[in-house]
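In: show me the folded form of this:
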Amino acid sequence: MRERFAITDFNSGIINRADAEDILENTAIDSNNIDGDAPEGQLQAIPIALTKPNSNNLAQASRLFEWIKTKDTKWHLVHVDSANINVMADFYHATAPTAGITPVACVATSMVAHNEEVHVAVGTATLGTPTFPNWTGYCDYGQFGGATLGWKSLGTSATSCASLTRPTSTLDYLVGLTGHTVTPPAVTPFLADKIYHYNVSFVYDGVQETPMGTGYQSFSISTYGANPDYVTVVVTLYAVASLNPRVTGVRLYKREADPSTGLPITLYRLQQEFNVASSTAYGSTSWVTSGPDKTVTYLDYNNADSPSSYEDNAGIAESLISNDVYYTLNTDLNGFHFVAGCLKTGLPDASMMMFRSKQYRYDMFNWTNDYLKLPSVPTALKAFAGKIWAFDENHLYRINPDGMYIEDSTEGIGCLSQRSVIVTDYGMFWCDDKNAYWHDGEKIVPIGDAIKTNYGATAQWTGFACNYTRGSQFLTTCVVFHAPKNYVMFIVPDHTSAISNVWAFHVQKKRWDKWTSFTQCGQTTSGFGAFSGKGGEVYISTGIPAGGSGLLVEAFGGATWRSFYWTSKIFDFEQPARLKRIKTINTDNTATTSAPAFTYSFDRSGSFASFSAITQCRLMQVKITEATGYGNIIYSFEILFRRLSEL
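Out: Numbering: from 1, shown residues only. Okay, the predicted model is just below:
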């Protein structure tokens with residue numbers, strides 16, 4: 001009796017770890033360039049990539065990326081190649097995005113966006129000793145009434161970087177004090193048994209505050225020689241053309257000290273804040289130009305009110321002379337900036353420490369209090385599900401961000417690098433050199449078992465050639481989420497062969513697809529990376545291969561399709577040892593000009609050929625291929641066969 005065997009959907013992706021007979025009927029034992037997000041049940045190739053217009057010399061060889069969305073709703077891409085940081089301003093401009101800044105030297109290892117700025121961890125290719133972090137952002141204000149400052153990138157020195165540099169008296173500023181006495185003498189509001197110390201701090205970005213300046217100025221009745229009714233305070237800012245563009249204000253503080261010892265007996269308390277982002281410093285008082293400097297005058301009547309202290313405003317002790325930390329990894333959660341793989345003078349174990357910034361003030365670290373000692377130097381740091389997750393090559397630590405302690409640890413699961421982990425609406429996805437993983441908010445699921453190679457054969461679960469070494473941040477697998485297609489893409493750059501290869505996990509269908517030679521890939525020093533856009537689309541910077549030019553491309557953005565192949569499991573028709581006579585094979589597809597090719601292999605021969613005559617076999621395998629550019633849809637195929645009599 002003739003029987004029909006049909007495959008009417010192709011929803012299961014690839015499973016190549018099991019025996020080719022032991023997987024579902026509609027599962028591929030191997031395939032390439034299949035679009036697992038095609039309409040239900042259909043088999044079709046993925047679209048080709050689309051080159052981003054005017055992308056050459058902007059982001060084509062970068063490997064780390066972060067977005068800044070400015071108040072005018074424009075999207076700007078901050079990107080870092082092997083040596084420099086840059087900005088592709090107005091990325092979605094219809095014709096011509098431009099370079100926002102002159103490239104600034106920077107070996108970045110991690111980036112976090114906050115408002116209109118990006119905080120950039122700077123280290124080495126293998127998470128070595130960090131150096132001064134970079135701050136890149138858009139300053140939508142001028143200083144002292146000047147023109148809008150625009151894009152700035154600070155990271156070339158310890159005094160021009162993301163750190164909030166402590167102001168230096170007589171170099172950055174000076175506080176001048178003069179008493180004022182009327183005739184006849186007034187009752188002075190100042191006390192004869194007190195010395196008054198005046199000092200300043202600088203305000204960055206409108207909300208962040210530096211440590212108190214290096215030197216205070218003193219005023220006392222005994223020194224002045226009379227009873228003043230007020231003290232004239234003149235604050236001078238030196239060489240304002242070189243003032244850090246992030247400085248938006250200056251805060252004047254005063255404290256009382258014991259004249260016998262000179263030691264303070266009160267905290268510094270705020271007297272007045274001067275606005276640097278305007279020509280008007282406060283009230284109706286303006287900044288005054290004095291050569292290259294700016295001055296402002298304030299009259300201190302020593303009011304009895306108790307204004308806020310420096311510690312109230314900054315959340316850090318006034319005695320702390322630095323609130324900065326150098327770091328190689330960073331992430332943020334609930335308005336806090338978490339950094340790890342650190343360097344801090346006086347802390348020899350800082351490389352194994354994680355620090356937390358003050359809330360909404362990403363460059364202010366109370367490093368004496370808000371820290372956690374990790375068991376090892378991390379390779380990646382990510383915020384997910386209300387926790388901070390720190391990885392090394394073989395461990396995962398779940399950290400309570402409020403109490404700054406480790407809640408749980410997992411051994412045997414690590415992460416390759418900061419760019420090998422991604423958080424999506426479906427959960428957190430990442431990979432180490434052994435497997436790929438999915439944390440769905442409740443548990444960790446290894447998801448690569450269906451397709452991974454034997455660990456040790458290639459030292460990488462993907463089976464693709466790769467060039468990274470353990471601890472590297474730059475040559476590792478890029479994990480990125482393509483939201484429109486619901487794909488988590490594990491992109492493996494092969495800098496030797498100048499191509500990238502992809503394992504793609506469809507989150508909703510829980511299927512794997514393989515896309516080899518997905519893009520070109522630069523040589524080792526040329527960079528390679530991937531990132532998601534504002535609509536969830538994925539862009540890939542392909543680097544610069546030898547003798548070629550790099551491109552920034554949008555995955556699946558092209559108007560035509562790649563070539564593909566799909567190889568079925570080995571069909572045994574539920575009786576692997578029984579002979580069958582294959583009579584006819586019917587296919588259903590949309591081909592009009594060039595049909596996809598169906599070829600067949602029998603009894604594990606490994607050789608595929610067209611079906612030309614009735615064939616006797618026990619086992620059968622189907623392979624479907626199509627050349628570039630057609631995009632045909634295969635709906636189904638059926639095999640008509642008869643089982644031969646058993647003896």
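In: quick one, domains of this structure?
Out: Following automatic domain parsing, one gets these domains for the chain: 2-46+564-643, 109-113+122-132+324-554, 173-314.
In: highest mean neighbour count out of those?
Out: domain 109-113+122-132+324-554 (a mean of 20; mean count of other CB atoms under 10 Å). The way it works is simple: take the backbone N, C-alpha and C, and place the C-beta from them, glycine included.
In: quick one: distance of that domain to the chain centre.
Out: Its chain's average C-alpha position is 8 Å from that of domain 109-113+122-132+324-554, according to CA atoms, centre = their mean, to the nearest Å.
In: and what of stretch 171-188?
Out: Worked out by CA atoms, centre = their mean, stretch 171-188 lies 52 Å from the chain centre.
In: which residues of the stretch 301-450 of the chain score low on pLDDT?
Out: Along the stretch 301-450 of the chain, the model assigns pLDDT under 70 to residues 304.
In: need the helices for the protein, in chain order.
Out: Ranges of helices within the chain are 221-224, 310-314, based on DSSP state H.
In: reformat the ones you listed as a markdown table; add distance to Pro130.
Out: Output for these, formatted as a markdown table (distance: least, CB to CB, whole Å):
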| stretch | distance to Pro130 |
| --- | --- |
| helix 221-224 | 46 |
| helix 310-314 | 24 |
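In: so for Pro189, which of those helices sits nearest?
Out: Comparing the helices of the chain by their distance to Pro189 (CB to CB), the top pick is helix 221-224, with 10.9 Å.
In: can you redo the domains of the chain as a markdown table with distance to Thr156?
Out: Formatted as a markdown table, those follow (distance: least, CB to CB, whole Å):
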| stretch | distance to Thr156 |
| --- | --- |
| domain 2-46+564-643 | 43 |
| domain 109-113+122-132+324-554 | 8 |
| domain 173-314 | 12 |
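In: one step back: so which of the helices of the chain is nearest Ser322?
Out: helix 310-314 (12.5 Å).
In: the domains of the chain: which one's closest to Ser163?
Out: Of all the domains of the chain, domain 109-113+122-132+324-554 comes closest under CB to CB, at 3.6 Å.
In: identify the residues contacting the residue nearest to Gly533 when sequence neighbours are not counted.
Out: Nearest non-adjacent residue to Gly533, counting by CB to CB, 6 or more residues apart in numbering: Tyr539, 6.1 Å away. Counting by CB atoms under 8 Å, 6 or more residues apart in numbering, Tyr539 makes contact with Lys52, Ala530, Phe531, Ser532, Gly533, Leu552, Val553, Glu554, Ala555.
In: any idea how far His395 is from Tyr539?
Out: 32 Å (CB to CB, to the nearest Å).
In: now Met353
Out: The spacing between Met353 and His395, counted by CB to CB, is 16 Å.
In: can you check Thr625 too?
Out: Counting by CB to CB, the gap from Thr625 to His395 is 44 Å.
In: what about the strands in the stretch 51-200 of the chain?
Out: For the stretch 51-200 of the chain, the strands defined by DSSP state E, counting those that start in this stretch occupy 64-69, 75-80, 84-89, 98-99, 104-105, 108-114, 117-122, 134-139, 150-154, 173-180, 195-204.
In: other SSEs contacting the fourth one?
Out: Just to be clear, that refers to strand 98-99. Here strand 98-99 touches strand 84-89, going by 3 or more CB pairs under 8 Å, 6 or more residues apart in numbering; DSSP states H and E.
In: please apply the same query to the third one.
Out: When contacts are defined as 3+ CB pairs under 8 Å, 6+ apart, strand 84-89 packs onto strand 75-80, strand 98-99, strand 104-105, strand 134-139, strand 150-154.
In: sheet-wise, list the partners of the first one with their directions.
Out: Going back to what we said before, that points to strand 75-80. strand 64-69 (antiparallel), strand 84-89 (antiparallel) (DSSP bridges).
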